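Engineer: please find the sequence and the predicted model below.
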Amino acid sequence: MASSLGQTSDAEALNGIQGQGDSSVITPFTVNVSESVLNDLEQRLADTRFPDQIGAPWVYGTDVTYLRELITYWKNEFDWREQERRLNSFDHYKTRIDGLDIHFIHQRSPEPNAIPIVITHGWPGSVAEFLDIIGPLTNPVAHGGRAEDAFHVVAPSMPGYGFSDKPNSRGMGPEQIADINATLMARLGYETYAAQGGDWGAFVSSWNAYKYPEHVTGLHLNLVLAEPPTDSNEPNFGATAAELERMRARQASLGDGFAYGRIQGTRPQTLGYGLNDSPVGLAGWIIEKFQSWCDCDGHPESIFTKDELLTNVMVYWVTETATSAARLYYESSHQSAGGLIALPPGRIEVSTGVALFPQELSLPPRAWAEAQYNITHWSEMPRGGHFAAFEQPELFVDDLRTFYRNFR
């Protein structure tokens, strides 16, 4: 899969999906939060009123003892400027697409035959999830790998997330974000590229592959939602007993943990007042998902450091994007025929690789996934959960390298 570094026009490559008033200008960007924002945060943390708690830790939601400890660290030890320096060790840019300034990391490989790849995050994540994988992907030799496995990495902040603009009108769902990603990759000069995603990024990348198969030559997912084909009379269509048992056990373990999606899919604005005003409220809302969705046996700091957890929370706090990020659930659910996720209406024929981590939210039987995707690579990982690149960067990188060797 070779990339074109010539500046192919957006209109030629994507039939004019670019918004009015956009330009092809790409501007370097530096993460630099004002001191006044940090001072305000410090005061809000100092003024926190913690609620009471009954029952066992985490049963009713985020454990107050753990959160108090995390907030004490946030107030007294966490160094945002250090995290800014780490973020800024990569190449950040902005460009205007569909009337929005879109932020993205674009880290080019020193290897001349590197494959361009667009990697899209989800909620409650950010580009901060990818900091440990960008180096190994772009410069594999420096990380014990092979030069022929190199990628040029593009990691956008979705509209309404992180350092990208917030959508200023209704309807910015996964399909529309896929259009923005496609425009971005064309603007960067990549006529063909790989697409990867987890969480919302899995559905954005799926739309990319569905709508632009002439540009997306390989799709890699670490989250797949799949059901038996609607035209099949077999409720278990092709699934083995072991696959069904695993799927049902995971569903049972998650229990009522999806209430957040119903709230964000119906009343994101109401929720947003609290999340935008209280850093502790925001941390409590986000950290619970890291505790329950990662492969950490209920102890997030067995996988993540406090600095890693708080850096991701800070991306939401300093950009005031908790509300706009939550609105993606509303937009998607109102574009969907009956669920939360607005999926492409047909089968995706682009060659697709799946890395299935054992504590992922969805563990569908392979036959169900194959009914929706052209699965040519299927890996079942020994460990890891929902935040695959963040939790298990080495396994994640190895699987990407293995799958995309088919396209070099």
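Structural biologist: Okay, I see it. Because the structure is a prediction, the values reported are computed rather than measured.

Engineer: list the contacts of the residue positioned nearest the centre of the chain.
Structural biologist: Closest residue to the average C-alpha location of the chain: residue 121 at 1.5 Å, with CA atoms, centre = their mean. Taking CB atoms under 8 Å, 6 or more residues apart in numbering, we find residue 121 in contact with 127, 129-130, 155, 157-158, 161, 197-201. Just so you know, the C-beta spots here come from the backbone N, C-alpha and C atoms, and that holds for glycine as well.

Engineer: quick one: low-confidence parts of the stretch 201-350 of the chain?
Structural biologist: Scanning the stretch 201-350 of the chain for pLDDT under 70 picks out no residues.

Engineer: could you pull out the helices for the stretch 51-200 of the chain?
Structural biologist: Ranges of helices in the stretch 51-200 of the chain, per DSSP state H, counting those that start in this stretch, are 64-76, 80-87, 131-138, 174-187, 200-211.

Engineer: which parts of stretch 132-148 are buried?
Structural biologist: Residues of stretch 132-148 classed as buried by neighbour count (16 or more other CB atoms under 10 Å): 132-140, 145.

Engineer: only C-alpha atoms, please: export that stretch in PDB.
Structural biologist: Extracted C-alpha coordinates of stretch 132-148, given in PDB (Å, rounded to 0.1, in the frame of the first residue of the first chain):
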ATOM      1  CA  ASP A 132       2.800   4.800  23.900                       C
ATOM      2  CA  ILE A 133       2.000   3.400  20.400                       C
ATOM      3  CA  ILE A 134       3.000   6.200  18.100                       C
ATOM      4  CA  GLY A 135       6.800   5.700  18.600                       C
ATOM      5  CA  PRO A 136       6.700   1.900  17.900                       C
ATOM      6  CA  LEU A 137       4.400   2.400  14.900                       C
ATOM      7  CA  THR A 138       6.400   5.200  13.300                       C
ATOM      8  CA  ASN A 139       9.900   4.100  14.200                       C
ATOM      9  CA  PRO A 140       9.800   0.300  14.700                       C
ATOM     10  CA  VAL A 141      13.600  -0.100  14.500                       C
ATOM     11  CA  ALA A 142      14.100   2.200  17.500                       C
ATOM     12  CA  HIS A 143      11.600   0.000  19.400                       C
ATOM     13  CA  GLY A 144      13.000  -3.500  18.600                       C
ATOM     14  CA  GLY A 145      10.900  -4.000  15.400                       C
ATOM     15  CA  ARG A 146      11.500  -4.100  11.600                       C
ATOM     16  CA  ALA A 147      11.700  -1.100   9.300                       C
ATOM     17  CA  GLU A 148       9.200  -2.700   6.900                       C
END
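
Engineer: quick one: distance of that stretch to the chain centre.
Structural biologist: Its chain's average C-alpha position is 21 Å from that of stretch 132-148, according to CA atoms, centre = their mean, to the nearest Å.

Engineer: what do you get for stretch 222-238?
Structural biologist: 24 Å.

Engineer: burial of residue 334, as a residue count?
Structural biologist: Neighbourhood size, residue 334 [other CB atoms under 10 Å]: 13.

Engineer: same question for residue 227.
Structural biologist: Around residue 227 there are 15 residues (other CB under 10 Å).

Engineer: okay, it and residue 379: tell me how far apart.
Structural biologist: Residue 227 sits at a distance of 21 Å from residue 379 (criterion: CB to CB, to the nearest Å).

Engineer: what of residue 57?
Structural biologist: 34 Å.

Engineer: the more surrounded of these two?
Structural biologist: Legend: neighbour count by other CB under 10 Å for residue 57 and residue 379, higher for residue 379 (16 against 13).

Engineer: contacting residues around that one?
Structural biologist: Per CB under 8 Å, 6+ apart, neighbours of residue 379: 353-356, 399, 402.

Engineer: just the buried ones from those, in PyMOL syntax?
Structural biologist: Only the buried entries of those go into this PyMOL selection, using 16+ other CB under 10 Å:
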select buried, resi 353+354+355+356+399
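
Engineer: in the contacts of residue 379, find the pair that's most separated.
Structural biologist: Greatest spacing in the contacts of residue 379, by CB to CB: 356 and 402 (13.9 Å).

Engineer: what ranges does the stretch 201-350 of the chain have for its strands?
Structural biologist: With strands called from DSSP state E, counting those that start in this stretch, the stretch 201-350 of the chain shows them at 216-221, 348-356.

Engineer: comparing the ones you listed, which comes out most buried?
Structural biologist: Here the criterion is mean neighbour count by mean count of other CB atoms under 10 Å, and of those the winner is strand 216-221, at a mean of 25.

Engineer: now it against helix 174-187, angle please.
Structural biologist: 130 degrees (axes from the mean of the first three to the mean of the last three CA atoms, to 10 degrees).
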